[in-house]
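Student: Here is my input, please return the structure:
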Amino acid sequence: MAGSIPRTFIDDLLSRVDIVDVIDARVTLKKAGKSFKACCPFHNEKTPSFTVSREKQFYYCFGCSAGGSAIRFLMDYDRMEFVEAVEELAKLVGVEVPYEGSRPRATLQSGNSTKPLYALMDKLAQFYTLQLRQHPQKETAVAYLKSRGLSGQTAKIFEIGFAPPGWNNLEKHLAGEAEAVTQLVQTGMSIKKDSGQIYDRFRERIMFPIRDKRGRVIAFGGRIINDGTPKYLNSPETEIFHKGREVYGLYYLLKKPGSIQKVMVVEGYMDVISLYNHGVDNAVATLGTAISETHVQLLVKHTHEIIYCFDGDIAGRKAAWRALEASLPSVKDGIQFKFMFLPDGEDPDTMVSRVGKAKFIALQNQAKPLSDFVIEYLLEQSDYQTIDGQARLVELAKPIMTQLPQGAYAQLLSARLAEHVEMSENDLYARFFPNSRSNVQKFHADKVAKAEKPSVIRLAIAMLLERPSIAERLDIPNNLSELQMPGVDLLSQMLVFIKGNPNVTTGALLEYWHGTREGAYLLKILHWEHHVPEEGVETEFKGAIDILYREIKDQRLAKLLTQSKVSPLSGDEKGELARLLSE
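Tutor: Sure thing, here's the model as predicted:
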């Protein structure tokens, strides 16, 4: 893949970096036996449950289950993208990141080519805020903000400014800076005529800096003060601003200490600011676009509950349904999506001004869960009292259900739908997910699995994850993957990976499988008490591999015996059977 970072480099980088140094530079760690401890930076707690292991090169919180490698910590703590986190660690150890093909766009945007643009935008934000305080014609802008009830403190926090009248205020402000004109056009802050002259895009507007999640000014929004159109104007798409990937206000949420319990998505930045002004400080807004899957994926990285706030009219309902469709692929256990509908004629700004903080938060807490919204919508579209209506209900539900990840949420929603059609919840779930097991089968399988003694494979994976080096000196059966046992594929893949990457750490293993079902399993199993003494891990692991090797032989023996009853064995197969019977 063009622009990707070789896996071997990432593994080598993680072996060079000391995760304790990386985290301790941001969160004060205290020695606790072989590990280090601190209060978790990802959720509020009074007793430290956040541990960092230098030996295994990973971190884990027993309170909120956050965990991973040094790369993952930078992504979660410093709000970096994956490539940015890799580059940051590479700087620490003095190596350069190799790229397969061209350098990816994401890192180009964080590189030297765009640094001057970010610097310019920050300079312009300061210019606009200064105009709101000092420009001779500031009073109209100040009067407008006061009419909206905004305090000076709120205006300061969101760095609200004023673009004064005039066609070339920015060019004058940056006079003498050689690249100023080019950069103003590049960032969309000025428009270039065919004649070559430029003029300011924003004039006589209240100005709102738009910051990305790292706090860099990437664009502006402007609200007209006097008569004119458009009422609200955003910067155009530029090298550093892509409105389909940004949400206004996220940066301010991420500045707050602790984890973000819930995020409310509203329509515009004035709604975000007005809500904050009234003490409701968990709102963000899209930038002139409908909520997209990209927006949702960005938000679920930072919270487990998203509330969409819409007008209760037809247009609001349609917008809510589009938000629901964008959210379906991100629905999973632990993530909640809710819908809050306001009375006709109200928006978040007017609503919070009328009812106040306490009542608005109470309304927010009463928001409708995604499942209720789906059920209500589907029931409105079909006469489920009749057989034909029930069939229509199932067909309408199918494209929605199939977008959901298979799991508990999809099963529970199927059960809700089954209440309105003459089908069992298991049959309905099987209709949506033909290749899955039914709820009842899965329920009983889970019960049996919990009651069973931990398998040899689970024990082997746990020991291997704790000390990867134990695999380096052992002869591992190359036909291990032939075993018909749960988890054998993951164990086999781990062994191959470790053999090909000597000195790999626990943190590197977690990073390799991060974001996969296997990765979630490894993180969970990492703190399972397997009761094997540290000095006996290598011996126990060898014993587990021996058991699996014998199981391979037993399975092969059973297969040959069964085959011999159906058709004659070949000469080689007869020899193999004789050998297996004698062992």
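
Student: right, and Asp200 touches Trp167 too?
Tutor: Yes - at 6.0 Å, Asp200 counts as touching Trp167 under the criterion of C-beta atoms under 8 Å. For the C-beta atoms, the positions are set from N, CA and C on the backbone; glycine is no exception.

Student: So which of these two has more stuff around it?
Tutor: Per other C-beta atoms under 10 Å, whichever of Asp200 and Trp167 has more neighbours is Asp200, with 20 against 12.

Student: Please list all residues in contact with that one.
Tutor: Applying C-beta atoms under 8 Å, 6 or more residues apart in numbering to Asp200 gives the contacts 163, 166-171, 189-191.

Student: Can you tell me which of those residues are buried?
Tutor: Buried subset of those (neighbour count, 16 or more other C-beta atoms under 10 Å): 163, 169-171, 189-190.

Student: Buried ones in stretch 77-97, by neighbour count?
Tutor: For stretch 77-97, burial by neighbour count (16+ other C-beta under 10 Å) applies to 77, 79-90, 97.

Student: Same list, the residues you listed, but as CSV with secondary structure, distance to Pro329 and pLDDT please.
Tutor: Shown next, in CSV, are the buried residues of stretch 77-97 (DSSP: H, G, I helix; E, B strand; the rest coil; distance: C-beta to C-beta, whole Å; pLDDT from 0 to 100):
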residue, secondary structure, distance to Pro329, pLDDT
Tyr77, helix, 26, 84
Arg79, coil, 22, 78
Met80, coil, 23, 81
Glu81, coil, 20, 81
Phe82, helix, 20, 86
Val83, helix, 23, 86
Glu84, helix, 24, 85
Ala85, helix, 24, 88
Val86, helix, 26, 90
Glu87, helix, 29, 88
Glu88, helix, 29, 87
Leu89, helix, 30, 90
Ala90, helix, 32, 89
Val97, coil, 30, 86
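
Student: any chance of these in JSON lines, plus distance to Met121?
Tutor: Below are the buried residues of stretch 77-97 laid out as JSON lines (distance: C-beta to C-beta, whole Å):
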{"residue": "Tyr77", "distance to Met121": "25"}
{"residue": "Arg79", "distance to Met121": "18"}
{"residue": "Met80", "distance to Met121": "20"}
{"residue": "Glu81", "distance to Met121": "19"}
{"residue": "Phe82", "distance to Met121": "24"}
{"residue": "Val83", "distance to Met121": "22"}
{"residue": "Glu84", "distance to Met121": "19"}
{"residue": "Ala85", "distance to Met121": "23"}
{"residue": "Val86", "distance to Met121": "26"}
{"residue": "Glu87", "distance to Met121": "22"}
{"residue": "Glu88", "distance to Met121": "22"}
{"residue": "Leu89", "distance to Met121": "27"}
{"residue": "Ala90", "distance to Met121": "27"}
{"residue": "Val97", "distance to Met121": "26"}
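
Student: Can you tell me which of those is nearest Val265?
Tutor: Nearest to Val265 among those is Arg79, at 18.5 Å by C-beta to C-beta.

Student: show me what contacts that closest one?
Tutor: 213-214, 254.

Student: Could you do Tyr252 as well?
Tutor: 157-158, 276, 281.

Student: switch the cut-off to 10 Å
Tutor: Taking C-beta atoms under 10 Å, 6 or more residues apart in numbering, we find Tyr252 in contact with 157-158, 211, 215, 272-273, 276, 281-284.

Student: among those, which are in helices?
Tutor: Under the assignment DSSP state H, the contacts of Tyr252 contribute 157, 272-273, 276 to helices.
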